[in-house]
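Trainee: Sequence and computational prediction follow.
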Amino acid sequence: MISTILVALLALSACAGCGSGTSISSSSDVPSNPSLSESSVVSEVSVESSKAESSEESSKAESEIKSSTESLTKVESSDESSDTESNYEENSTLNQQSKLPTKINNNYLFNLKHGKLMSAIDPNNDGKTLVIKAKIKPSYSNKTTISQNYFNVADIIKNQGANSFETIDYWAVADMTDGSEEKVVSFTLDSYTIQNIYDGNIVDNLIGEYATDLWVHQSLR
């Protein structure tokens, strides 16, 4: 009887040990889950950090590319501006060089603001001397009759290419009261005066003050 009781007690003790082992094993498995969870969180944080760094580097690279592009655009724009200015200067020079009087049979075809052009020739045929002969009509005063010749020569110098000559000899004729035709005005312009007229440094109606060999008919004095 006693031995039966002892056997039963031993069996109970053994079962209790088995239960305790199971419990320990189960309790040892529980902490493993938090460990795995922490590893996952760290991994996720690392991934997010890498993404953020990659995004920041990408933005920085884009910013540098944009800055480089803007600088390159400015340089190209500057080059284009320089090319445009250069082309403009070249075209201006070509225009000045090509702005020459029309010439037919050694006679230049100018349009006079006052009177009629009789002839405009280069006697030496070297492009240095221009001799102009005009026929004018009397104006409302002697002074304006004389001045209209200054306006004629100023216009062909400024607008019709006569500034290319080194010397201009101008003379004008008019019909007299007796029906005859006589010279009424003549003068000569040198290269310095021609250039100053072209540049606008000499007022048109004051050209006579800068001309050489100025001659005026006695009826207009």
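Mentor: Ah, there it is.

Trainee: What is the neighbour count of the nearest residue to Leu112 once chain neighbours are set aside?
Mentor: Leaving aside its sequence neighbours, Leu112 sits nearest to Asn152 (CB to CB, 6 or more residues apart in numbering; 4.8 Å). (Each C-beta comes from the backbone N, C-alpha and C, glycine too.) Applying other CB atoms under 10 Å, we find 25 residues neighbouring Asn152.

Trainee: same question, Lys183
Mentor: Counted with other CB under 10 Å, Lys183 comes out at 13.

Trainee: And for Met176?
Mentor: Neighbour number of Met176 under other CB under 10 Å is 13.

Trainee: I figured it hits Lys183, correct?
Mentor: No. Between Met176 and Lys183 there is no contact under CB atoms under 8 Å: 10.6 Å.

Trainee: list the residues that contact both of these two?
Mentor: Counting by CB atoms under 8 Å, 6 or more residues apart in numbering, Met176 and Lys183 have no contacts in common.

Trainee: And the helices in the chain, which stretches?
Mentor: Ranges of helices in the chain, per DSSP state H, are 2-29, 32-98, 142-159, 191-198.

Trainee: Report the contact partners of the residue nearest to Leu112.
Mentor: Contacts of Asn152 (CB under 8 Å, 6+ apart): 112-115, 132, 134, 170, 172.

Trainee: just Ser219 next, same as before
Mentor: By CB under 8 Å, 6+ apart, the contact list for Ser219 reads 142, 176, 184.

Trainee: Tell me how far it lies from Phe187.
Mentor: Taking CB to CB, to the nearest Å as the measure, Ser219 falls 17 Å from Phe187.

Trainee: How much space separates Ser139 from Asn149?
Mentor: With CB to CB as the criterion, Ser139 and Asn149 are 10 Å apart.

Trainee: Looking at those two now, which is surrounded by more residues?
Mentor: Using other CB under 10 Å as the criterion, Ser139 and Asn149 rank with Asn149 on top: 27 against 13.

Trainee: Check what pLDDT the more buried one gets.
Mentor: Note for Asn149: predicted pLDDT of 98.

Trainee: That one: what's it in contact with?
Mentor: Contacts of Asn149 (CB under 8 Å, 6+ apart): 114, 134, 136, 170, 172, 185, 187.

Trainee: For the closest residue to the third one other than its chain neighbours, give its distance to Lys135.
Mentor: Sequence neighbours aside, Gly115 is the residue nearest to Ile136 in space, at 3.7 Å (criterion: CB to CB, 6+ apart). Distance of Gly115 to Lys135, computed by CB to CB: 5 Å.

Trainee: anything in contact with each of the two?
Mentor: Contacts common to Gly115 and Lys135, judged by CB under 8 Å, 6+ apart, are Ala172.

Trainee: who's in contact with Arg221?
Mentor: Asn142.

Trainee: Give me the distance between it and Ala174.
Mentor: 14 Å.

Trainee: Please apply the same query to Ile197.
Mentor: Counting by CB to CB, the gap from Ile197 to Ala174 is 23 Å.

Trainee: okay, these two: which has more neighbours?
Mentor: Comparing Ile197 with Ala174 by other CB under 10 Å, the one with more neighbours is Ile197, at 23 against 20.

Trainee: is it true that that one touches Lys158?
Mentor: Yes. With contact defined as CB under 8 Å, Ile197 and Lys158 form a contacting pair (7.0 Å).

Trainee: Distance of Asn124 relative to Asp213?
Mentor: 18 Å.
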